[in-house]
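1. Structure, please.
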Amino acid sequence: MGPSLAALEAQCQSQADKLTLPLLLKRNAEEYAGEPALTAGDRTLTWAWLREQTAALCRGLGALGLRRGERMMIMMSSRPEHWVIDYAAAHLAAIPCTAYQTLSTEQIGYVARHSAATVVVLEGADEVSRWLPVLDTLRALKRVIVVDASAIPAGDARFVSYAEVEAEGRGLHEADPTVFEDGWKAIRPEDPISMIYTSGTTGDPKGVVLSHRNAFYEAVAVDLSAPVPMRVPSIAYLPLAHIGERELGLYRALYKALHVHICTDPAGVMPMMARARPPAFFGVPRLWEKLAAGLRAKLDALEAPKREAILAAHAVALEAFRLEGSGGAVSPELQRKAEEAEARVLKPLRQTLGLDALQWASSGSAPIPVDILEYLGGFGIKVLEVWGMSETTGCATVNTPTDFRVGAVGRTIPGVQLRLAPDGEIFVRGPVVFLGYLSEDGRIVSATDRDGWLATGDIGTVDSDGFLSITDRKKELIITSSGKNIAPSKIEGMLRAHPLVGQAMAIGDNRPFLTALISLDPEAAPVWAKARGVVAQSLVDLMRDPTIRAELDSLVAKTNARLSRAEQLKRYEVVPEAWSPVTGEITLTLKLKRRVILEKYAERIASLYANA
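-> As a prediction, this is how the structure comes out:
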């Protein structure tokens with residue numbers, strides 16, 4: 001038997017109570033000085049380099065006037081300078097916060113004013129142009145740092161280049177290193193480490209303030225649940241405004257001294273996986289859905305004998321995966337067949353994709369269809385769901401490779417407690433629960449009740465083995481005019497499982513029945529269509545093609561066959577646009593902005609209910 005839950009919790013607590021970001025960066029720079037910390041393009045940077053740069057920027061930010069407890073807003077892509085300046089602000093006990101790069105000027109104004117940012121860090125001309133109209137409204141602003149010096153407006157004294165800040169800070173640090181080395185030692189695990197603004201799918205974003213203890217308790221607990229070795233490769237591809245990437249790319253990377261490979265284009269994730277071969281990888285559902293669609297397309301293109309051999313191996317592995325994922329026992333005979341299929345067919349196939357080193361593949365941020373999990377599981381790619389939120393520093397529950405349930409989001413990590421309210425809302429308590437929300441007057445206001453419980457807004461169930469399943473967001477439940485409560489994410493996930501579908505949104509609040517809007521996948525849909533003899537110049541051509549419409553009709557019919565009568569879609573409409581964070585229908589974490597979509601397609605939605 002392994003350690004008890006109480007022993008694991010005590011182990012997490014004892015470690016997290018000693019850890020801060022500066023302590024871990026110092027350890028890595030001393031123990032792994034010449035080993036890689038970050039790779040971006042053809043640049044690989046060591047832990048010693050990262051700490052030296054952090055020291056220089058820390059002194060430079062201090063010279064600009066950034067002080068303990070003040071907020072620093074960052075808007076730039078994932079690049080080494082982002083890591084450096086974030087770590088530098090944390091060494092000053094300031095609170096760095098990354099804003100999504102897709103924010104409009106109006107949205108920038110909200111988070112900038114709400115945060116009362118004293119220092120703003122921008123990447124280049126695009127960011128500067130959207131921030132300029134806002135700067136005069138920021139009363140606490142001291143300086144704006146720009147990485148691309150050529151984007152600085154001429155004659156505007158508020159701006160300074162990143163290179164200038166680094167150079168001044170380096171001079172100060174070389175003249176007196178004790179200021180940096182002594183300064184960070186006052187930081188304690190309970191102090192803030194960063195702030196994250198929620199994506200604002202249902203209202204104004206909130207500033208979620210996390211502590212060093214939050215960040216590193218999460219890192220320790222997740223590593224105890226699903227361990228990875230020290231100093232192995234990892235991939236950072238989500239924005240650092242996302243809690244998943246912030247925890248994994250900034251904090252877990254420090255804790256395990258990982259070699260972080262920065263991927264700035266999500267389309268390049270799978271090729272980078274083949275090169276870096278990380279043992280653990282977190283993917284949002286859409287990434288796994290695209291991988292499944294890609295595998296289907298590859299199979300379709302193979303000659304029949306080879307395709308049939310792969311499908312036979314897939315069937316055996318899928319049977320074992322389903323048994324394991326339901327808590328059942330895999331018979332010795334099935335185990336033997338599965339091992340043979342793995343050795344002869346599946347592992348070589350994963351090697352061609354660069355996925356054979358992957359030991360723990362996880363999915364979170366939104367629901368993922370069970371069909372996708374099973375399809376990938378049949379190839380030996382166990383994608384295991386996790387659940388959490390910014391307010392729980394990422395994962396509060398995890399499935400592990402040796403202890404999982406398909407369709408559930410796992411058991412709580414050590415030290416986290418969970419309970420359900422009468423209406424099914426999930427409450428959590430434990431060391432990963434955030435410090436509180438930033439208020440407009442600068443205070444950090446706790447969001448827990450007096451017993452420490454946080455209301456998550458998610459609805460769920462817990463089975464007899466302690467596995468949590470999420471049914472929906474409390475605020476996103478559809479209540480039809482007949483009073484039926486319906487979880488839209490389940491329906492939407494079923495539709496998205498098809499390669500033709502990029503995004504889908506179920507509609508029906510205060511209406512007599514459910515309908516849906518479907519947006520075609522701009523990458524997978526043309527490939528699927530071409531394999532069936534349909535060649536189109538645009539998504540508009542595809543949505544009008546009889547073959548595509550017939551397939552979508554069939555998809556909706558098959559989906560309805562798996563739903564209760566109240567959940568079934570009576571009508572649907574295909575929209576001619578691909579939904580993306582840039583066009584505003586979804587967040588960067590690929591969550592639907594339901595209010596935006598309802599407003600944008602109001603006329604189309606009305607037509608779905610005409611003559612109802």
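
2. okay, CA-based contacts and neighbour counts for the rest of this
-> Will do.

3. Give me the nearest residue to the one residue sitting closest to the centre of the chain, chain neighbours excluded.
-> By C-alpha atoms, centre = their mean, the chain has its centre lying nearest to Gly244, at 4.4 Å. Counting by C-alpha to C-alpha, 6 or more residues apart in numbering, Gly244 lies nearest to Gly394, which is 5.8 Å off, once chain neighbours are set aside.

4. ok, back up a step: element containing the residue nearest to the centre of the chain?
-> Taking DSSP states H and E as the definition, Gly244 sits inside helix 243-245.

5. which other helices and strands contact the helix or strand following that helix?
-> Downstream of helix 243-245, the next assigned helix or strand under DSSP H and E is helix 253-256. Secondary-structure packing of helix 253-256 (3 or more C-alpha pairs under 8 Å, 6 or more residues apart in numbering; DSSP states H and E): helix 21-31, helix 212-225.

6. buried sites along the helix or strand containing Ala606?
-> Ala606 belongs to helix 602-608 when assigned by DSSP H and E. Across helix 602-608, burial judged by 16 or more other C-alpha atoms under 10 Å covers 604-605, 608.

7. One more: stretch 469-488?
-> By 16+ other C-alpha under 10 Å, the buried positions in stretch 469-488 come out as 469-474, 476-480, 484, 486-488.

8. which other residues reach that stretch?
-> Stretch 469-488 is contacted by residues 202, 407-410, 425, 457-462, 489-490, 505-514, 566-567 when judged by C-alpha atoms under 8 Å, 6 or more residues apart in numbering.

9. Among those, which are located in strands?
-> Here DSSP state E is the test, and the contacts of stretch 469-488 give 425, 457-462, 505-507, 514 as lying in strands.

10. Can you flag the buried ones in the residues you listed?
-> Burial of the ones in strands among the contacts of stretch 469-488 was assessed by neighbour count (16+ other C-alpha under 10 Å); the buried members are 425, 458-462, 505-507, 514.

11. Okay, the closest residue to Ile586 other than its chain neighbours and Tyr110: tell me how far apart.
-> Of all residues not flanking Ile586 in the chain, Leu592 sits nearest, at 4.5 Å (C-alpha to C-alpha, 6+ apart). Per C-alpha to C-alpha, to the nearest Å, Leu592 is found 21 Å from Tyr110.

12. the more surrounded of the two?
-> Using other C-alpha atoms under 10 Å as the criterion, Leu592 and Tyr110 rank with Leu592 on top: 23 against 15.

13. so the more buried one touches Pro581, yeah?
-> No. Assessed by C-alpha atoms under 8 Å, Leu592 is found out of contact with Pro581, at 9.5 Å.

14. And the contacts of stretch 348-357?
-> Residues from elsewhere that reach stretch 348-357, judged by C-alpha under 8 Å, 6+ apart: 270-271, 273-275, 277-279, 347, 379, 381.

15. ok, now with 7 Å
-> Here stretch 348-357 makes contact (C-alpha atoms under 7 Å, 6 or more residues apart in numbering) with 273-275, 277-279, 347.

16. Quick one: mean pLDDT for it?
-> For stretch 348-357, the mean pLDDT works out to 91.

17. So what's the gap between that stretch and the chain middle?
-> Distance, stretch centre to chain centre, for stretch 348-357: 24 Å (C-alpha atoms, centre = their mean, to the nearest Å).

18. and what of stretch 426-437?
-> Computed by C-alpha atoms, centre = their mean, the chain-centroid distance of stretch 426-437 equals 18 Å.

19. Please apply the same query to stretch 159-168.
-> Mean C-alpha position of stretch 159-168 versus that of the full chain (C-alpha atoms, centre = their mean) differs by 31 Å.

20. C-alpha coordinates for that stretch, PDB please?
-> Provided in PDB are the C-alpha atoms of stretch 159-168 (Å, rounded to 0.1, in the frame of the first residue of the first chain):
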ATOM      1  CA  PHE A 159       7.400  55.000 -22.100                       C
ATOM      2  CA  VAL A 160      10.800  53.200 -21.600                       C
ATOM      3  CA  SER A 161      12.200  50.200 -23.500                       C
ATOM      4  CA  TYR A 162      12.700  46.800 -21.900                       C
ATOM      5  CA  ALA A 163      16.400  47.000 -22.900                       C
ATOM      6  CA  GLU A 164      16.800  50.300 -21.000                       C
ATOM      7  CA  VAL A 165      15.200  48.900 -17.900                       C
ATOM      8  CA  GLU A 166      17.400  45.700 -18.100                       C
ATOM      9  CA  ALA A 167      20.600  47.800 -18.700                       C
ATOM     10  CA  GLU A 168      20.000  50.100 -15.800                       C
END
